[in-house]
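In: Show me how the following folds:
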Amino acid sequence: MKTKLLIAVLFIANTISSQINFENLTVPATGYFNGATQYSGSGNEEIITYDEDNANFYVKYTDTGAYDYWNGFAYSNQTDLTTASYTNYSAYSPNGGGANGSSNYCFVYTYASDTMSFDLLGMVGTMQIANSVWAYRYMTGTDGVGTGTYEAGDFLKLTITAVLDDNGTLGDDSDDTLGDSVDFYLADFTNGNSYIIDDWTNVDLFSLGEVWGLKFQLSSSDTMTPFYFAMDNIGFGPAASINDTDFANSINLYPNPSSKFITIDNLNNATIIINDINGRIVLEEKNYSSNTKINLQNINKGIYFVKVTSNNKTAIKKLIIN
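Out: Numbers count the residues shown, from 1 in each chain. Predicted coordinates:
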């Protein structure tokens, strides 16, 4: 496995070059796609695939004759914040719908684990995650039953794991080679915590490094918790050759996190560009020399990427503004 420090702070040219936001997908009149409208009826189980930008997803749709069900990656534009049922494909957020006021988003049901893939080796900066309405209503005891109300010791955890190879088969992840994982708690009442996620929330996946895909798995203290969640705005960029190792290791950016200023050491006549997770330039500083403070006070809180170019060498470092 590549050196984690190197992967985490350095890749060349374009960092997060696309944002997978599901807005190019056509949602059926039902308000969601779970494979039913493309199910051919030719077999008990079918794997139905779709792609969005550089990412590939699947829905495994099963019809037993007596009943049908699905798992994997549906997509939706529903905004029903009340109905606590498997028929509700809605993300829980104050205004409903996708992240940042968008219409479409991915709606995931995973009772074991499910994996999406990318067309090429790349890196994921962040993605936004939300609870499903059914899970949120269950955990808060507002589903009309109340027996699922979370209390001390309860949790709902999403584990996102790096897939390090490309087996080329969506829906069959049995031979995936896996890397590091990131845990994100959709609800946590352990170790003195007491919260349930009630809006779209950024999850930082930069530490996973270079990936061919992402595996998603839910776990909970309460086995009756609905294993649904929503995701949106996956920031993805193709992996690039790492050529300027010594240059990157010589750069010292501090303080990080920061809310006011940063300083970058060991530079002379450099160009500094700060991009947000969508690739937009929020600040550019030319002819930068060491020990000159860069003012961050007009930039919103969040995760950013600092591109440093000097003497035809380029490196990228992650910056957190708080």
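In: For the protein, name the helix or strand with the lowest mean pLDDT.
Out: The helix or strand of the chain with the lowest confidence, counting by mean pLDDT, DSSP states H and E, is helix 4-9 at a mean of 36.
In: how much space between residue 60 and residue 163?
Out: 17 Å (Cβ to Cβ, to the nearest Å). Yep, even glycine has a C-beta here, placed from its N, CA and C like the rest.
In: and what of residue 152?
Out: 35 Å.
In: what's the answer for residue 206, then?
Out: For residue 206 relative to residue 163 (Cβ to Cβ), the value is 16 Å.
In: residues touching the nearest residue to residue 254 once chain neighbours are set aside, list them.
Out: Leaving aside its chain neighbours, residue 254 sits nearest to residue 263 (6.0 Å; criterion: Cβ to Cβ, 6 or more residues apart in numbering). Neighbour list for residue 263: 253, 254, 290, 291, 292, 293, 294 [criterion: Cβ atoms under 8 Å, 6 or more residues apart in numbering].
In: Pull up the per-residue confidence for residue 167.
Out: If you check residue 167, the pLDDT there is 68.
In: Scan the protein for its longest helix.
Out: Longest helix of the chain, by residue count under DSSP state H: helix 133-140.
In: which helices and strands sit right next to the helix or strand just after it?
Out: Using DSSP states H and E, the helix or strand that follows helix 133-140 in sequence is strand 155-163. The helices and strands touching strand 155-163, judged by 3 or more Cβ pairs under 8 Å, 6 or more residues apart in numbering; DSSP states H and E, are strand 178-188, strand 210-220.
In: what's the following helix or strand after the last one?
Out: Going down the chain from strand 210-220, the next helix or strand is strand 228-232, by DSSP H and E.
In: That next one packs against which elements?
Out: Partner elements for strand 228-232 (3+ Cβ pairs under 8 Å, 6+ apart): strand 105-109, strand 126-131, helix 133-140.
In: what pairs with the next helix or strand after it, and is each one parallel or antiparallel?
Out: For strand 228-232, the following helix or strand on the C-terminal side (DSSP H and E) is strand 234-238. Sheet pairing of strand 234-238 (DSSP bridges) gives strand 18-20 (antiparallel), strand 114-124 (antiparallel).
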